[in-house]
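Enquirer: Kindly generate the corresponding structure for this input.
(chains A and B)
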Amino acid sequence: MIRVKNLSKQFRINSREERLVPYDTLRESMVKAVRNSFARIRGNGHSVTEILWALKDINFEVNPGEVMGIIGPNGAGKSTLLKILSRVIEPTTGRAELYGKVGSLLDIGTGFHPDLSGRENVYLNGAVLGMSRREINAKFDEIIDFAGTERFLETPIKRYSSGMYVRLAFAVAAHLNPEILIIDEVLAVGDAEFQQKCFAKMNEVINSGRTILLVTHSMEMITKLCQHAMLIRNGLLEKIGAAPEVVDYYQVTSESHVEAT
Amino acid sequence: MSSTSLDSSPEASTVVPPLPVTTTEAPARLRREYKLPATPVVTIKATKSWLPLNLHQLWTSRELLYFLMWRDIKVRYKQTLLGALWAILQPLVMMIIFAIFFGKLVRMPTQGIPAPLFYYAGLSLWTFFSNSVMSGANSLFGNTNLITKIYFPRLLIPSAAVGAGLVDWAIAWLLFIPLLAYYGVGLTWKIALILPLSILVTALALGTGILFSALNVKYRDVRYVLPFLLQVWMFISPIIYDSSIVPPEWRRIFLLNPMTGIVNTYRAALFGQWINWWAIGFCSVLTIVLLFASAYAFRRMEKSFAELI
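Expert: Residues are numbered from 1 along each chain as shown, chains lettered A, B, ... in the order given. Presented below is the predicted three-dimensional model:
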């Protein structure tokens, strides 16, 4: 079960300096410290940064065993939400409670190293995703079988075709066993045959009673896999409800959005 | 992220014993398998600026630390011609140069220790330290894809990088054994101190590496400053010279550098000489303080890593 209360995330953007990079150099920090203290004396400090709310006051609950789809245009804050729930970044205000062990798939092949072999990467990726060595040992054959890359177990994955790479990566991810699964559009991988396999595996995972949060741009996937869906636009939770309704609402309103602009 | 599997989760099993489920059953039946824990397993909210170190969490994720270390070691020697031999070669070549120039030509004092041994002891220790600090400091950049995609204790990344250097350290030691035999250096009980000293120098490398890895994310100057800083650090430590050439009135200040105590004691332990217990005690305290201070500073900065990197 997932419970999110008044969750907001703020990003600071430097507007005055038109910076392309978010990090500082020591020199800049020193210059800024001096400049800001002068600015404060003159009484016009704090004008350098502009605040952007990537998410504003998000509230929702996902019941145990429920599959919740998240849709919305690019840059709406969907990925920010998933990153907060995966604990990669911190919210500015509000809270989220997760009742159960969380597995998050914001990308497939997280931690894959090009120089390591297929076998080594399965272990590495599994460990990074939170599996113990015992778990990986137990599922190893199943993973390799699913990926269909037995012949290349000892080959460094930089020599894999991109199809083989994603198949192996998805195979590891698919054998993850958490109570709550957070997924960011990683499903549409490989050729048609493998996609079919992925879809079947996803269905199996979904029907196993896990709580799932799924971001995707594929409306077909939302209506087929999810009971409920939510629409996030401009950092706001615009609509939440039964999946087909939200999808319809999104399609209708995004057309009018396009017309309006 | 706990390492327990779903099926053995204590919360799930204590409420109602899970029904015996076979894999052939319809998946919909599995729905009843999970019971909600009474309190959230994870609560996410904005944290305060100073956080506890959460050593328990580090301990539960030791397997991941092991995997990250193992990856760093494997990757380092993949596709290298000489492989692990590089770990010996670097201090060996330096040792030959210093033994010729400082030993033969300048005739620097070495406490009666044969010059090659004297320099190899110092240089192999320093090579381990400086390589570990460098790879620790750059480790967060090498793992950007992990940091922006997945949650785990971030301290594991620089720790794994420093830990991976231990293999080089062990390999560099292999050359010591024939060297000691060749020069006929008799070992004393003090050789037993090598192990705690190795832990101490690892702790110092860890403290330094952790601190600079965090600073490196925020300030990109670090990658230019650090090699220079390490070079200066080497010259203010008795790596390629003996502490006896330092004027007595400066020796106290000299000891403020924890590396001084470590190198001196390290040589004394190897060659069975007098050990300044006061100095090594003091530098142990300094090292531990540095390690904890760095770890706290790292924890303070880590929450913004994914946004900055």
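
Enquirer: which residues in the stretch 1-150 of chain B form strands?
Expert: Ranges of strands in the stretch 1-150 of chain B, per DSSP state E, counting those that start in this stretch, are B:42-45.

Enquirer: Check the stretch 1-150 of chain A too.
Expert: For the stretch 1-150 of chain A, the strands defined by DSSP E, counting those that start in this stretch cover A:2-14, A:49-62, A:67-71, A:93-98, A:102-105.

Enquirer: Starting from the last one, tell me which strands it pairs with and how they run.
Expert: Note on strand A:102-105: by DSSP bridges, its sheet partners are strand A:180-184 (parallel).

Enquirer: What mean pLDDT does the strand it pairs with get?
Expert: Averaging pLDDT along strand A:180-184 gives 88.

Enquirer: what distance separates it from the centre of its chain?
Expert: Taking the mean of its C-alpha atoms, strand A:180-184 sits 7 Å from the chain's own mean (C-alpha atoms, centre = their mean, to the nearest Å).

Enquirer: can you check stretch B:144-153 too?
Expert: Using C-alpha atoms, centre = their mean, the offset of stretch B:144-153 from its chain centre is 20 Å.

Enquirer: residue ranges of the helices in chain B, please?
Expert: With DSSP state H as the criterion, chain B has helices at B:10-15, B:55-60, B:62-77, B:86-98, B:115-142, B:144-147, B:156-182, B:194-218, B:222-235, B:251-254, B:258-271, B:277-302, B:305-308.

Enquirer: do the stretch 1-150 of chain A as well
Expert: A:26-42, A:78-85, A:118-128, A:133-147 (DSSP state H, counting those that start in this stretch).

Enquirer: follow-up on the earlier one: possible to save the strands of the stretch 1-150 of chain A as JSON lines with distance to B:W50?
Expert: For the C-beta atoms, the positions are set from N, CA and C on the backbone; glycine is no exception. JSON lines is the format used below for the strands of the stretch 1-150 of chain A (distance: least, C-beta to C-beta, whole Å):
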{"stretch": "strand A:2-14", "distance to B:W50": "21"}
{"stretch": "strand A:49-62", "distance to B:W50": "24"}
{"stretch": "strand A:67-71", "distance to B:W50": "34"}
{"stretch": "strand A:93-98", "distance to B:W50": "19"}
{"stretch": "strand A:102-105", "distance to B:W50": "25"}
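
Enquirer: how about the ones you listed in TSV, adding mean neighbour count and mean pLDDT?
Expert: Output for the strands of the stretch 1-150 of chain A, formatted as TSV (neighbours: other C-beta atoms under 10 Å in any protein chain shown; pLDDT from 0 to 100):
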stretch	mean neighbour count	mean pLDDT
strand A:2-14	17	86
strand A:49-62	16	88
strand A:67-71	26	92
strand A:93-98	19	92
strand A:102-105	25	85
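
Enquirer: and the closest residue to chain B within the stretch 151-261 of chain A, what are its phi and psi?
Expert: In the stretch 151-261 of chain A, the residue found nearest to chain B is A:N207; the distance is 3.6 Å by C-beta to the nearest C-beta. Per-residue torsions, A:N207: phi -80, psi 0 (degrees, to the nearest 10).

Enquirer: again with A:S86
Expert: Note on A:S86: its backbone torsions stand at phi -90, psi 0 [degrees, to the nearest 10].

Enquirer: For it, list the residues it contacts.
Expert: Shown in contact with A:S86 (C-beta atoms under 8 Å, 6 or more residues apart in numbering or on different chains): A:V102, A:S104, A:L106, A:I182, B:K149, B:I150, B:Y151.

Enquirer: hang on, B:M259 packs against B:S237?
Expert: Yes - under the criterion of C-beta atoms under 8 Å, B:M259 makes contact with B:S237 at 4.0 Å.

Enquirer: any weak-confidence spans in the chain?
Expert: With no chain named, the answer covers chain A. Filtered on pLDDT under 70, chain A yields the residue ranges A:14-25, A:35-49, A:186-190, A:256-261.

Enquirer: my question was about chain B
Expert: Those would be B:1-36, if you go by pLDDT under 70 across chain B.

Enquirer: hmm, try it at 50
Expert: For chain B, applying pLDDT under 50 flags the ranges B:1-32.

Enquirer: Turn the helices of chain B into CSV, columns for distance to A:N59 and mean neighbour count.
Expert: Shown next, in CSV, are these (distance: least, C-beta to C-beta, whole Å; neighbours: other C-beta atoms under 10 Å in any protein chain shown):
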stretch, distance to A:N59, mean neighbour count
helix B:10-15, 25, 14
helix B:55-60, 29, 13
helix B:62-77, 33, 19
helix B:86-98, 56, 18
helix B:115-142, 34, 23
helix B:144-147, 28, 18
helix B:156-182, 34, 19
helix B:194-218, 32, 22
helix B:222-235, 41, 14
helix B:251-254, 60, 12
helix B:258-271, 52, 23
helix B:277-302, 28, 17
helix B:305-308, 24, 19
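
Enquirer: Please tabulate those in JSON lines, including the columns distance to chain A.
Expert: Shown next, in JSON lines, are the helices of chain B (distance: least, C-beta to the nearest C-beta, whole Å):
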{"stretch": "helix B:10-15", "distance to chain A": "8"}
{"stretch": "helix B:55-60", "distance to chain A": "10"}
{"stretch": "helix B:62-77", "distance to chain A": "4"}
{"stretch": "helix B:86-98", "distance to chain A": "16"}
{"stretch": "helix B:115-142", "distance to chain A": "10"}
{"stretch": "helix B:144-147", "distance to chain A": "5"}
{"stretch": "helix B:156-182", "distance to chain A": "10"}
{"stretch": "helix B:194-218", "distance to chain A": "6"}
{"stretch": "helix B:222-235", "distance to chain A": "8"}
{"stretch": "helix B:251-254", "distance to chain A": "26"}
{"stretch": "helix B:258-271", "distance to chain A": "24"}
{"stretch": "helix B:277-302", "distance to chain A": "10"}
{"stretch": "helix B:305-308", "distance to chain A": "5"}
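
Enquirer: Now for A:L81: which residues touch it?
Expert: A:L7, A:L55, A:I58, A:I70, A:I232.

Enquirer: my guess is the first one meets A:W53, correct?
Expert: It stands for A:L7. No - A:L7 lies out of contact with A:W53 (C-beta under 8 Å); the separation is 11.1 Å.

Enquirer: what residues does the stretch 101-250 of chain A put near chain B?
Expert: Within the stretch 101-250 of chain A, the positions adjacent to chain B are A:101-102, A:104, A:106-107, A:110-111, A:113, A:115-116, A:120, A:123-124, A:127-130, A:132-133, A:135, A:156, A:177-179, A:204, A:207-210 by C-beta under 8 Å from any C-beta of the partner chain.

Enquirer: Buried ones among those residues?
Expert: Buried residues within these, counting neighbours by 16 or more other C-beta atoms under 10 Å in any protein chain shown: A:101-102, A:104, A:106-107, A:110-111, A:113, A:116, A:120, A:123-124, A:127-130, A:132, A:135, A:156, A:177-179, A:207-210.

Enquirer: Using PDB, write out every CA atom in stretch B:187-207.
Expert: Provided in PDB are the C-alpha atoms of stretch B:187-207 (Å, rounded to 0.1, in the frame of the first residue of the first chain):
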ATOM      1  CA  LEU B 187      61.100 -10.200  11.500                       C
ATOM      2  CA  THR B 188      60.200  -9.400  15.100                       C
ATOM      3  CA  TRP B 189      56.800  -9.600  16.900                       C
ATOM      4  CA  LYS B 190      56.200  -6.100  15.700                       C
ATOM      5  CA  ILE B 191      55.300  -7.400  12.300                       C
ATOM      6  CA  ALA B 192      51.900  -8.300  13.900                       C
ATOM      7  CA  LEU B 193      51.200  -4.500  13.900                       C
ATOM      8  CA  ILE B 194      51.000  -4.500  10.100                       C
ATOM      9  CA  LEU B 195      47.400  -5.600  10.200                       C
ATOM     10  CA  PRO B 196      46.100  -2.900  12.500                       C
ATOM     11  CA  LEU B 197      48.200  -0.400  10.600                       C
ATOM     12  CA  SER B 198      46.700  -1.500   7.300                       C
ATOM     13  CA  ILE B 199      43.200  -1.000   8.800                       C
ATOM     14  CA  LEU B 200      44.300   2.400  10.100                       C
ATOM     15  CA  VAL B 201      45.600   3.500   6.700                       C
ATOM     16  CA  THR B 202      42.400   2.200   5.000                       C
ATOM     17  CA  ALA B 203      40.300   4.200   7.500                       C
ATOM     18  CA  LEU B 204      42.300   7.300   6.700                       C
ATOM     19  CA  ALA B 205      41.900   6.700   3.000                       C
ATOM     20  CA  LEU B 206      38.200   6.100   3.600                       C
ATOM     21  CA  GLY B 207      37.700   9.300   5.600                       C
END
